[in-house]
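Participant: my questions concern the predicted model and sequence given below.
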Amino acid sequence: MGQLFNSEHEEMRRSVRRFVQQELDPFADAWEEAGAAPLHEVFAKAGQLGLLGINKPPEYGGLGLDFSWVIVVAEELGRAHAGGIPFAIGAHASAIPALANYGTDELRQEFLAPAIQGDAVACIGVSEETAGSDVSGIKTTARKDGGDWVINGSKMWITSAPQGDWISLLANTSAEGGPYHNKSLIVVPMNTPGVSVGAPLRKLGMHCSDTAPVFFDNVRVPLRHLIGEEGKGFAYQMEQFQHERLWGCVRTLSGLDEAIRLTVEYTGTRRAFGKTLLENQVIYHRLADYQSQIECVRSLAYRAVDAMVAGEDVTRLASIAKYMAGKLALELPSGCAQYFGGQGYMWENRITRLLRDLRIVAVGGGANEVMLEVIAKELGWINRRRTERA
Ligand SMILES: Cc1cc2nc3c(=O)[nH]c(=O)nc-3n(C[C@H](O)[C@H](O)[C@H](O)COP(=O)(O)OP(=O)(O)OC[C@H]3O[C@@H](n4cnc5c(N)ncnc54)[C@H](O)[C@@H]3O)c2cc1C
């Protein structure tokens with residue numbers, strides 16, 4: 001493995017850190033309270049810095065850099081005081097790779113370029129009320145009628161849907177070919193007649209990221225809104241998930257670092273039984289153990305990024321990295337909050353926000369158990385066809 005980051009990456013890191021400190025953190029509490037951040041405002045600023053099109057082609061406004069730069073952005077955004085913003089930016093970034101890779105020039109000019117500039121908020125339209133882990137089981141259909149697709153169905157838990165401008169929709173476009181070859185990805189502008197967004201969902205965490213169901217009632221979009229080839233939507237989406245998984249993994253690791261930093265800070269000053277809490281070996285050993293686990297997962301994630309930059313299939317490594325981040329996210333913030341005593345039960349304490357926010361990585365973009373399915377499949381232990389989100 002070569003040197004993943006150079007001094008220019010570090011410059012980018014400093015620039016994203018400034019963006020987080022100046023444009024996000026001062027507003028985090030208010031946005032959390034409001035249940036949403038003003039995404040167009042935030043995305044426009046992120047777009048100006050080039051953060052939304054790091055590895056996208058320059059002809060559509062991207063910086064044309066490789067995925068290692070995307071990871072630097074995700075890591076730094078992951079330090080934000082409210083996880084919802086990095087989460088929303090991550091969803092946006094994970095909604096556009098298929099369009100960037102397989103869309104026609106016309107479609108990319110119309111939808112990718114504004115998404116990269118931060119003028120448009122993009123959504124991922126995969127999950128449905130009855131099909132989350134098992135993507136092959138989605139029911140939304142798009143059938144051809146004249147020059148249009150006519151779309152019917154619904155999507156569930158769609159990040160940024162209330163403020164979304166377009167959705168990368170996975171729909172069944174054929175009754176034939178089986179569940180892995182009958183789906184296509186279609187760009188659907190959210191203001192198309194027949195698209196409606198339900199009330200924002202009340203979530204455990206990520207409060208400044210608004211999430212909602214989306215309904216499609218005889219929605220008509222031109223056939224040219226198809227991304228790539230008809231029938232390849234499932235495969236494109238699975239490819240797109242590798243991006244989402246690595247982004248989710250490193251964003252989460254930054255949040256976990258933050259949980260440890262806050263815990264060391266608190267236990268280093270809080271005294272009980274004549275010494276600081278941190279002076280108890282059981283506490284600093286636990287924290288050192290957590291930090292060690294984070295570093296192992298980070299190394300694995302970097303290995304996956306290195307492989308991705310080299311053009312290799314990273315399904316196995318990205319799934320392992322995301323799984324391990326998910327496992328840590330379920331355990332570590334709760335373990336840290338314990339050392340805050342009563343303060344670790346207070347809503348406004350950042351450790352409890354981390355506890356609420358970070359656990360989404362164990363479910364979103366493929367649940368931990370689904371990652372284990374993918375890993376077993378990648379290792380050749382089970383039939384490749386059996387796994388969803390794989
Ligand atoms: C805040 C939030 C934001 C989201 N944003 C988006 C978005 O923008 N776009 C989008 O398309 N989706 C989004 N999702 C949906 C998310 O991807 C799904 O919730 C996730 O994939 C799990 O699907 P499910 O909820 O239907 O759970 P189910 O598929 O019903 O699974 C429930 C649980 O069963 C277990 N399980 C599932 N399969 C297996 C198996 N084979 N073996 C063992 N155990 C298993 C897992 O523990 C899993 O968590 C979001 C979800 C949340 C909560």
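Facilitator: That came through, no problem. Quick caveat: nothing in here was measured; it's all calculated off a predicted structure.

Participant: what about Ile158, neighbour count?
Facilitator: Using other CB atoms under 10 Å as the criterion, Ile158 is surrounded by 27 other residues. (Each C-beta comes from the backbone N, C-alpha and C, glycine too.)

Participant: which positions in the stretch 201-350 of the chain make contact with the ligand?
Facilitator: Contact residues of the stretch 201-350 of the chain with respect to the ligand, defined by CB under 6 Å from any ligand atom, are listed as Lys203, Met206, Thr211.

Participant: let's see it at 5 Å
Facilitator: Taking CB under 5 Å from any ligand atom, the part of the stretch 201-350 of the chain that reaches the ligand is made up of Thr211.

Participant: just the CA trace of stretch 177-196, in CSV.
Facilitator: Extracted in CSV, the C-alpha atoms of stretch 177-196 (Å, rounded to 0.1, in the frame of the first residue of the first chain):
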residue,chain,number,x,y,z
GLY,A,177,-35.3,-11.1,-16.0
GLY,A,178,-35.4,-11.8,-12.2
PRO,A,179,-35.0,-9.4,-9.3
TYR,A,180,-31.3,-8.6,-10.1
HIS,A,181,-31.8,-7.7,-13.8
ASN,A,182,-35.3,-6.1,-13.9
LYS,A,183,-34.4,-2.9,-12.1
SER,A,184,-33.2,0.5,-13.4
LEU,A,185,-32.0,3.7,-11.9
ILE,A,186,-34.0,6.8,-13.0
VAL,A,187,-33.5,10.5,-12.1
VAL,A,188,-36.8,11.9,-10.8
PRO,A,189,-37.0,15.6,-10.1
MET,A,190,-38.9,16.0,-6.8
ASN,A,191,-41.1,18.7,-8.2
THR,A,192,-42.6,16.4,-10.9
PRO,A,193,-46.4,16.2,-10.6
GLY,A,194,-47.4,13.0,-8.6
VAL,A,195,-44.3,13.1,-6.4
SER,A,196,-45.2,13.8,-2.7
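
Participant: buried stuff in it?
Facilitator: Of the residues in stretch 177-196, those buried under the neighbour-count criterion (16 or more other CB atoms under 10 Å) are Tyr180, Asn182, Lys183, Ser184, Leu185, Ile186, Val187, Val188, Pro189, Met190, Val195.

Participant: relative to the ligand, which of the residues you listed is nearest.
Facilitator: Leu185 (11.8 Å; CB to the nearest ligand atom).

Participant: and the closest one, that one's in a helix?
Facilitator: No: the assignment for Leu185 (DSSP: H, G, I helix; E, B strand; the rest coil) gives strand, which keeps it out of a helix.

Participant: what's opposite it in the beta bridge?
Facilitator: Residues found in beta-bridge contact with Leu185 (criterion: DSSP bridges) are Leu170, Ile227.

Participant: just checking, what's the longest helix in the protein?
Facilitator: When every helix of the chain is counted residue by residue (DSSP state H), the longest turns out to be helix 233-269.

Participant: list the buried ones in that one?
Facilitator: Buried residues in helix 233-269, defined by neighbour count with 16+ other CB under 10 Å: 233-260, 262-264, 266-267.

Participant: one step back: okay, the buried residues of stretch 177-196 in a markdown table with distance to the ligand and pLDDT next?
Facilitator: Listed next are the buried residues of stretch 177-196 as a markdown table, based on distance: CB to the nearest ligand atom, whole Å; pLDDT from 0 to 100:
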| residue | distance to the ligand | pLDDT |
| --- | --- | --- |
| Tyr180 | 16 | 96 |
| Asn182 | 18 | 97 |
| Lys183 | 13 | 98 |
| Ser184 | 15 | 98 |
| Leu185 | 12 | 98 |
| Ile186 | 14 | 98 |
| Val187 | 15 | 98 |
| Val188 | 13 | 99 |
| Pro189 | 17 | 98 |
| Met190 | 13 | 98 |
| Val195 | 15 | 99 |
